[in-house]
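S.K.: sequence first, then the predicted structure, then my questions.
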Amino acid sequence: MVAGGDGGRLWLIGGTRDSANLAQGLGAAQVPCTVTVTTVAARQLYAASPWLRRRVGRLSPETIEDFLGQESITAILDASHPFAAAVSELAIATAQQYQLPYLRY
């Protein structure tokens, strides 16, 4: 189940320099977030922060519910690469299914 209200986390879909800059700003603002990337190399874009969790690996329709619950996701910020259509489509469908706010950077 996805947590609501206070105590939730933002799902930042990353893998780009822009998303790393967003993560840095979110951390400075003390916004709890979980950034997802598909490669270990992309993980290195994100500095360690008590406000940021980093997760490497692809998400799928079969794994998304567990991810949302484990991370207490309450909103989605999609800062993925413009050509990463699959993750954006998954995020949009997830936002609709779980009634989560979705923003595209």
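M.R.: Received, thanks.
S.K.: where in this structure is pLDDT low?
M.R.: Within the chain, the segments meeting pLDDT under 70 span 1-6.
S.K.: where do the strands of it begin and end?
M.R.: All strands of the chain, identified by DSSP state E, fall at 9-13, 33-37, 52-56, 73-78, 102-104.
S.K.: which other helices and strands contact the fourth one?
M.R.: In this case it means strand 73-78. strand 9-13, helix 85-98, strand 102-104 (3 or more CB pairs under 8 Å, 6 or more residues apart in numbering; DSSP states H and E). From N, CA and C alone the C-beta is placed, and that goes for glycine too.
S.K.: how about those, which one is nearest residue 71?
M.R.: strand 9-13 (5.4 Å; CB to CB).
S.K.: circling back to that earlier point, now the helices and strands packed on strand 73-78 as CSV including mean neighbour count and distance to residue 79?
M.R.: Putting those into CSV (neighbours: other CB atoms under 10 Å; distance: least, CB to CB, whole Å) gives the following:
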stretch, mean neighbour count, distance to residue 79
strand 9-13, 24, 6
helix 85-98, 15, 10
strand 102-104, 14, 8
